[in-house]
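Asks: here is my input, please return the structure:
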Amino acid sequence: MNKLRIALVGVGHLGRYHAEKLCQIPKADLVCLVDIQEERLREAEKNLKERYGKSVRLERDFRKVIPEVDAFVVATPTITHYEIAKEILASKKALFLEKPLSDSLEKAEELVEMAEENKIPFQVGYIERYQRAVKRLLERVKNPLFIEAHRLSSFSERNLDIDVVLDLMIHDLDLLCFLKGEAEIDFIHAVGAPLFSEKPDIVNARIVYKDGTTCNLTASRISLSRQRKFRVFEKGAYYSVDTIEKSFLEIRPDPTSKDFSIKREVFPEDDPLMEELTFFIEAILDGREVSPSGREALSSLKIAFKIKEEVEKNLKKVI
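Replies: Got it, this is the predicted structure:
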């Protein structure tokens, strides 16, 4: 197989970007766009024809194209993930599913088990792992003592089917799980509040591991400005990533001179969406493991639901 035949399900705000990237990946053959809204399909089709000279089949039901493709990329609202992914996995087709896995932990676990039992490639779209600045940080950090993250966005009508934990904070929880592995959590304290939606739009979570590592994560979708910062402190070093600037900063003190060294790298041409889709496609064609897998994605989702429970519990105290 020289090319992977792919159907993209969902051509809304994020799905349109997926469609464009899939048209630019040499080993991808985007054969079909699927969406329940005819108008969105026509707009996406027009864009691909004008920009890439690409003609694709249009469908409103993804089931109709299952026999004709090797893999699916799903970029639909989270509340639809389970039903769509379950049918795709039942057909034993490879699946790239945008984060989070599901709006239910039980449903997410079922999807992962289906994929593993049938040895189906199942990658979850945690785009931050494919930021070059983030990769640099993950390579450098050895034993984090304190982790701090701020993920702030202005209010949008998008993704209101889920709260800010599953919408934004989940990215930082994925990085946290990558850094801490199977380390056991001691306790979680989290507070949050709904403002423009019925679900929490701003949440702060403090996570303390039994080995002493402490994490302070803030996610907001009601901020006046955007911010994407992830900072890690460990003995002898401080690291900071800004994925809006696409920058990585490393500071190391010199105990002898009482001075410090600063190393800053910027990756202006970085295209993490292209990177993660390319990885997914090449992994399937080459018979390699996808990353992050559904099993890996479960780790951060479990913490996310513990945070959600804490937020709801503390909200009840003040209402």
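
Asks: ok, the spatially most central residue of the chain to Lys229 distance?
Replies: Closest residue to the average C-alpha location of the chain: Tyr126 at 2.5 Å, with C-alpha atoms, centre = their mean. Tyr126 sits 17 Å away from Lys229, taking C-beta to C-beta, to the nearest Å as the criterion. In this view, the C-beta of every residue, glycine as well, is placed from N, C-alpha and C.

Asks: excluding chain neighbours, what is closest to Arg132?
Replies: Phe267 (4.2 Å; C-beta to C-beta, 6 or more residues apart in numbering).

Asks: tell me the contacts of the one you found?
Replies: By C-beta atoms under 8 Å, 6 or more residues apart in numbering, Phe267 lies in contact with Gln131, Arg132, Ala133, Lys246, Ser247, Phe248.

Asks: apply 7 Å and report the result again.
Replies: Shown in contact with Phe267 (C-beta atoms under 7 Å, 6 or more residues apart in numbering): Arg132, Ala133, Lys246.

Asks: try Phe233
Replies: Applying C-beta under 7 Å, 6+ apart, we find Phe233 in contact with Leu145, Phe146.

Asks: and for Glu116?
Replies: If you count contacts by C-beta under 7 Å, 6+ apart, then Glu116 has Arg295 around it.

Asks: so Phe72 sits against Ile88, correct?
Replies: Yes. With contacts counted by C-beta atoms under 7 Å, Phe72 reaches Ile88, the gap being 5.0 Å.

Asks: which helix or strand contains the nearest residue to Arg42 once chain neighbours are set aside?
Replies: Closest residue in space to Arg42, ignoring its immediate chain neighbours: Leu58 at 7.6 Å, by C-beta to C-beta, 6+ apart. Using DSSP states H and E, Leu58 maps to strand 57-59.

Asks: tell me the phi and psi of the residue nearest to Arg132?
Replies: Per-residue torsions, Phe267: phi -120, psi 70 (degrees, to the nearest 10).

Asks: look up how far Leu137 lies from it.
Replies: Per C-beta to C-beta, Phe267 is found 12 Å from Leu137.

Asks: can you check Phe178 too?
Replies: For Phe178 relative to Leu137 (C-beta to C-beta), the value is 10 Å.

Asks: those two: which has the busier surroundings?
Replies: More neighbours surround Leu137 than the other of Phe178 and Leu137, with 21 against 18 (other C-beta atoms under 10 Å).

Asks: now that one: which helix or strand?
Replies: Per DSSP H and E: Leu137 is located in helix 132-140.

Asks: how far out from the middle of the chain is that helix?
Replies: 16 Å (C-alpha atoms, centre = their mean, to the nearest Å).

Asks: ok, now stretch 34-44?
Replies: Computed by C-alpha atoms, centre = their mean, the chain-centroid distance of stretch 34-44 equals 24 Å.

Asks: which residues touch the spatially closest residue to Arg129 that is not a sequence neighbour?
Replies: Leaving aside its chain neighbours, Arg129 sits nearest to Pro292 (6.4 Å; criterion: C-beta to C-beta, 6+ apart). Residues in contact with Pro292 (C-beta under 7 Å, 6+ apart) are Gln123, Val124, Tyr126, Arg129, Asp174.
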